[in-house]
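Trainee: With the sequence up front, the predicted model follows.
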Amino acid sequence: MNLRVWVCFILCILLGSCSVVPEGMMTADRLMETQPDSSLHILRRLPPAACCSGSNRALYGLLMVRALDKNMLPLKPDTLLDFSIGYYQAHGDNEHLATCYLFKGRMYKYALQYEMAMNYYLRALDAAEVKNDAALQGRINLDMGDICLSQKDYVLARSKYHTAYRSFVESKFQSQAFYALVNIGRTYYAEKDYCNAKIYFHAIASRARDSLQQGALLQAQALNYYRYGRLDTALAYFRKVIRYPYIGNNRAIRYYNLADLYFDRQQFDSAYQYARHALDYTPDIRSRRECYRILANAVSLKGDLPALGRYMKYYQNCSDSIRAIDAQTRGSVLESIHNAHNEAVTTRTLLECVIVFSLITLLALLLYYFRHRNHHHHEVLRSQEKQINQKISDRYDIISGYREALSTKINAVKTKQATVRQQATFADLELMDRQLYEEVLHLNDPDLFYREMDIVLNNLAGKLRNRYPALSPKEIVWCCLNILMIPKNDVCLILEYKSNSLKKMKQRLAQKLNLPDASELDDFLSRLLFSSLPPL
């Protein structure tokens, strides 16, 4: 009898020790914000026995990915975080689950897979709102704002940054709040509102507390002056900000911007050197592409044809990758779909509660009747909703498949032309690309082009031609290319427009379509695309 008691006592101790959070994990959690390198070191030295329970293993995966992110290291392996997500989902732990979703979204964001990232950020917001964690909501909105800014959805990006700023202020996170303010200013100069950006940056300058924040602000101000055409002022700011500390790939961005500015000033040797320096600091893909553009132009002026071919190849590879990134569904669309789904679930839940309450107050004789009618009504609504969503989804699949086929055809032709393209000048490449688009899209045969677009885009070209006879062929072509998400540079190439000419054309098009502004074109074309959707 005494032996059984001792065995039970020992088992209780062992099981209890597995359910208690190890001291090392608690220490790593406490040091996460102030000493993330020490936190990561502690986590890596924890013995396997520290994760003997599911709760400890889930917490370990979450702490590890937080420490990796704080130390700006790749968020791998993601299997740790996947286990944490599964565990917290099963146990309804929204506080930890929201944080897991945030870092899962960041994994995809760093990999430039914006669609997947936005889906996880939206899930994180839903979970964070349940716990009302302002700091977490600030981080999520800040990341979502970065994606919207990258996708040129400036109004939504600004809204996300404002929300993040308010959340950080509520949480008394001054550093994150300041960076949210800087990003708000970036949305202004991104949409070419340089004067407001200048005023805004000047207003928040006094809030910069350390050299990192001052450097981030100076970098944003320099970019604003540069894009505004104030090259001398921009150069002074760029030279000054080079000496400031940086986070992530900001050093590469600063060198690239200096290279671009020197190139505009026709100081090609300096532009070449700074572009080379930028590539040493792991620039993002857009900065990397522009560095190769500068390098290619610089060696072209020197007549170095082998180097020109090499840089043009790198430039083209980056351009192809960027096209794939830009072709992803915009964050605003994904958020609208997500919110619509949540509203539908909430509305359906409330409606069911009302119906249940009403049914309780009715006589037993009417119970079956009302329950049957309500059930039938919901089945019809769900069936109609499912049919509509399926048609829209099928149409998106058709468009996506056509876009992929188009890309495959273009890449195949470019592969065949690889030798010629390496030896071609930039102007020749533009001519070849335009001829390639004319061939694959049948632009030289308007009737064939319209027929193909009507098949793929739900009779979009026919709707435009019939309802708006004042539209020119180029304007109709632009509408179709816009729905197909052909990059702006390629559209300018196809239609033989400069950037400013394209902007004016869009303004004229908006007037012909009775729209208040060219910014309404995307929404108008989307509505027209799915209007009177026929059975597929």
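Mentor: It's in. Worth saying up front: this structure is predicted, and the values here are computed from it rather than measured. Numbers count the residues shown, from 1 in each chain.

Trainee: Which positions within stretch 407-414 qualify as buried?
Mentor: Counting neighbours by 16 or more other CB atoms under 10 Å, one finds that the buried residues in stretch 407-414 are 410, 414. Placement of C-beta: from N, CA and C, glycine included.

Trainee: distance between it and the chain's centre?
Mentor: The gap between where stretch 407-414 is centred and where its chain is centred comes out at 26 Å by CA atoms, centre = their mean, to the nearest Å.

Trainee: again with stretch 369-386
Mentor: 38 Å.

Trainee: Then stretch 445-461?
Mentor: The answer for stretch 445-461 is 30 Å, by CA atoms, centre = their mean.

Trainee: for the chain, which spans come out with low pLDDT?
Mentor: For the chain, the stretches flagged by pLDDT under 70 are 1-19, 49, 532-536.

Trainee: Domain map for it?
Mentor: 20-132, 154-247, 266-324, 395-536 (automatic domain parsing).

Trainee: Reformat the ones you listed as a markdown table; add distance to residue 146.
Mentor: Converted to a markdown table, the domains of the chain look like this (distance: least, CB to CB, whole Å):
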| stretch | distance to residue 146 |
| --- | --- |
| domain 20-132 | 7 |
| domain 154-247 | 7 |
| domain 266-324 | 11 |
| domain 395-536 | 20 |
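
Trainee: quick one, strands of the stretch 151-300 of the chain?
Mentor: Applying DSSP state E, counting those that start in this stretch to the stretch 151-300 of the chain gives no strands.

Trainee: Repeat that for the chain.
Mentor: Counting by DSSP state E, the chain has no strands at all.

Trainee: quick one on the thing from earlier: of the domains of the chain, which is nearest residue 141?
Mentor: Residue 141 lies closest, by CB to CB, to one member of these: domain 154-247, at 4.0 Å.

Trainee: Next, count neighbours for the closest residue to residue 312 other than its chain neighbours.
Mentor: Nearest residue to residue 312, sequence neighbours excluded (CB to CB, 6 or more residues apart in numbering): residue 296, at 5.2 Å. When neighbours are counted by other CB atoms under 10 Å, residue 296 registers 23.

Trainee: and residue 296, what does it touch?
Mentor: By CB atoms under 8 Å, 6 or more residues apart in numbering, residue 296 lies in contact with 308, 311, 312, 315, 426.

Trainee: which ones are touching the fourth one?
Mentor: To tie it back to what came earlier, the one meant is residue 315. Counting by CB under 8 Å, 6+ apart, residue 315 touches 289, 292, 293, 296.

Trainee: could you dump the contacts of residue 296 to a markdown table with distance to residue 113?
Mentor: Listed next are the contacts of residue 296 as a markdown table, based on distance: CB to CB, whole Å:
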| residue | distance to residue 113 |
| --- | --- |
| 308 | 33 |
| 311 | 27 |
| 312 | 27 |
| 315 | 23 |
| 426 | 31 |
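
Trainee: Quickly name whichever of the residues you listed is closest to residue 390.
Mentor: residue 315 (41.2 Å).

Trainee: which one is the closest one nearest to, not counting chain neighbours?
Mentor: Distances taken as CB to CB, 6+ apart put residue 292 closest to residue 315, at 4.0 Å, once the chain neighbours are dropped.

Trainee: surely that neighbour meets residue 310?
Mentor: No. Residue 292 is beyond contact range of residue 310, at 9.1 Å (criterion: CB atoms under 8 Å).

Trainee: which one of these two has more residues nearby?
Mentor: residue 292 (22 against 16).

Trainee: contacting residues for the more buried one?
Mentor: Counted by CB under 8 Å, 6+ apart, residue 292 has contacts 311, 312, 314, 315, 318.

Trainee: again with residue 307
Mentor: 295, 299.

Trainee: Quick check: the gap between it and residue 276.
Mentor: Shown here: residue 307 relative to residue 276, a distance of 11 Å by CB to CB, to the nearest Å.

Trainee: what residues do these two have in common as contacts?
Mentor: Jointly contacting residue 307 and residue 276 under the rule CB under 8 Å, 6+ apart are residue 295.

Trainee: Got phi/psi on residue 284?
Mentor: The phi and psi values for residue 284, taken as degrees, to the nearest 10, are phi -70, psi 170.

Trainee: Quick check: it touching residue 251?
Mentor: No. Judged on CB under 8 Å, residue 284 makes no contact with residue 251 at a distance of 11.9 Å.

Trainee: Those two - which one has more neighbours?
Mentor: More crowded of residue 284 and residue 251, by other CB under 10 Å: residue 251, with 20 against 14.

Trainee: show me what contacts that one?
Mentor: Shown in contact with residue 251 (CB under 8 Å, 6+ apart): residue 281.

Trainee: Give me the distance from the biggest helix by length in the chain to the chain's centre.
Mentor: Using DSSP state H, we find that the single longest helix of the chain is helix 364-416. Averaged C-alpha coordinates place helix 364-416 at 24 Å from its chain's average position (CA atoms, centre = their mean).

Trainee: Run through the residues that contact the spatially most central residue of the chain.
Mentor: The residue lying closest to the centre of the chain (CA atoms, centre = their mean) is residue 147, at 2.9 Å. Neighbouring residues of residue 147 by CB under 8 Å, 6+ apart: 109, 114, 117, 118, 121, 331.

Trainee: want to throw these into JSON lines with neighbour count and distance to residue 514?
Mentor: Formatted as JSON lines, these follow (neighbours: other CB atoms under 10 Å; distance: CB to CB, whole Å):
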{"residue": "109", "neighbour count": "22", "distance to residue 514": "38"}
{"residue": "114", "neighbour count": "25", "distance to residue 514": "33"}
{"residue": "117", "neighbour count": "25", "distance to residue 514": "36"}
{"residue": "118", "neighbour count": "27", "distance to residue 514": "32"}
{"residue": "121", "neighbour count": "29", "distance to residue 514": "36"}
{"residue": "331", "neighbour count": "27", "distance to residue 514": "28"}
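
Trainee: any chance of those residues in a markdown table, with distance to residue 469 too?
Mentor: Converted to a markdown table, these look like this (distance: CB to CB, whole Å):
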| residue | distance to residue 469 |
| --- | --- |
| 109 | 45 |
| 114 | 38 |
| 117 | 43 |
| 118 | 39 |
| 121 | 44 |
| 331 | 36 |
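
Trainee: just curious, which of those is nearest to residue 59?
Mentor: Nearest to residue 59 out of the contacts of residue 147 is residue 121 (CB to CB; 21.9 Å).

Trainee: Is the closest one in contact with residue 140, as I believe?
Mentor: Yes. In this structure residue 121 lies within contact range of residue 140 using CB under 8 Å: 5.4 Å.

Trainee: Which residues are in contact with each of those two?
Mentor: Common neighbours of residue 121 and residue 140 (CB under 8 Å, 6+ apart) are 102, 105.

Trainee: Looking at the contacts of residue 292, which one is closest to residue 127?
Mentor: residue 318 (36.0 Å).

Trainee: Report the separation between that closest one and residue 126.
Mentor: Distance from residue 318 to residue 126, by CB to CB: 35 Å.

Trainee: With neighbour numbers in mind, choose between the two.
Mentor: A count of neighbours by other CB under 10 Å puts residue 318 above the other of residue 318 and residue 126, at 19 against 15.

Trainee: ok, the more buried one touching residue 289?
Mentor: Yes. Counting by CB under 8 Å, residue 289 is a contact partner of residue 318 at 3.5 Å.

Trainee: And the domains of the chain: which comes nearest residue 380?
Mentor: Per CB to CB, nearest to residue 380 of the domains of the chain: domain 395-536, 18.0 Å.

Trainee: In contact with residue 299, which residues are there?
Mentor: By CB under 8 Å, 6+ apart, the contact set of residue 299 is 272, 307, 308, 311.

Trainee: give me that answer again for 10 Å
Mentor: 268, 272, 305, 306, 307, 308, 309, 310, 311, 312 (CB atoms under 10 Å, 6 or more residues apart in numbering).

Trainee: Name only those of those that count as buried.
Mentor: 268, 272, 308, 309, 310, 311, 312.

Trainee: And for residue 210, the neighbour number?
Mentor: Count around residue 210 with other CB under 10 Å applied: 12.
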